[in-house]
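>>> below: sequence and its predicted model.
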Amino acid sequence: MKTKIFLTMLLASSISLSAIADDKTYYAQINAGGAAGSKVSFTGLSGGTQKVKTGYTGYIGVEAGGRINDYIKLGLAFDYYNKFSFDIRDETTPEINGTSYTISKKPKISSTNMLLNLSIFCGEFNGVKPYIFGAVGGAYNSADSIMGTDSAGNSKTLLSGDSNVALAYKFGIGTKYIINDDFDVDFHYSYANLGKLAYKKNTYSSSQDLKLKANVVSLGIAFKF
């Protein structure tokens, strides 16, 4: 009998918590996680096209917005990916004036995004709220130059990195867990298209516009007010 009373009280408290937890309209959220870059088509310094991984990077972001109704949330998000990289080490250029160069270091890539984010919730189950979402906006992408070293140890810029602004978008699924009336924990996965990444033309290769894409996993904490 005592067990039944305890379980009844526990269920009632859970329902009560769920009922009051989302009364607040606005929220501010901080996110952190990781991203795995997809392969991109890269015209190598020796002339051939190859699929190149863009590696892994950390990810941080902030978001603020509000509820339109019980099922729809709209927010403005700022995301930063700090060090994607092309793994094209050991590629060697053709000889020019009797000298060839070998790539010995991964060029780093960063991306800063500003996105308008729309989330649609699928209901609530004891404080757990699954949802789907999509976001669209702009990205500022920056790439390091690709450097090579000759047999004497001298360095040369083989392909000049550049910075550019591009259209970006992402979509995915997630779930929110209501801690109390003031805080939520958020976990989500997204597929992100971070826009084009530009390299300038030089001696060894024509200019290239590469599409930077990634699979992103993130954990966030939201403050509601």
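Perfect, thanks for sending it.

>>> flag the helix or strand of this structure with the lowest per-element mean pLDDT.
The helix or strand of the chain with the poorest confidence is helix 2-21; it has a mean of 41 (mean pLDDT, DSSP states H and E).

>>> let me know the next secondary structure element after that helix.
strand 26-37 (DSSP states H and E).

>>> alpha carbons of the next helix or strand after that following strand, in CSV - could you do that?
Of the helices and strands lying after strand 26-37 in sequence (DSSP H and E), the nearest is strand 40-43. In CSV, the C-alpha atoms belonging to strand 40-43 read as follows (Å, rounded to 0.1, in the frame of the first residue of the first chain):
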residue,chain,number,x,y,z
VAL,A,40,34.5,17.0,-50.2
SER,A,41,35.8,16.9,-53.8
PHE,A,42,39.2,18.5,-53.9
THR,A,43,41.3,19.1,-57.0
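
>>> note down every partner strand of strand 40-43 and its orientation.
strand 49-52 (antiparallel) (DSSP bridges).

>>> buried ones in the partner strand?
Val52 (16 or more other Cβ atoms under 10 Å). All C-beta atoms are positioned from the backbone trio N, CA, C, and that covers glycine.

>>> beta partners of Tyr199?
Those that pair with Tyr199 in a beta bridge, by DSSP bridges, are Gly161, Gln208.

>>> what number of residues lie near it?
Counted with other Cβ atoms under 10 Å, the burial measure for Tyr199 works out to 23 neighbours.

>>> tell me the buried residues in the host helix or strand of Leu158?
Secondary structure from DSSP H and E places Leu158 in strand 155-161. Of all the residues in strand 155-161, those buried under the rule 16+ other Cβ under 10 Å are 158-161.

>>> next one: stretch 188-195
Buried, per 16+ other Cβ under 10 Å, within stretch 188-195: 188, 190, 192-195.

>>> Ala152: which of those is nearest?
Of all those, Leu194 has the smallest distance to Ala152: 37.8 Å, by Cβ to Cβ.
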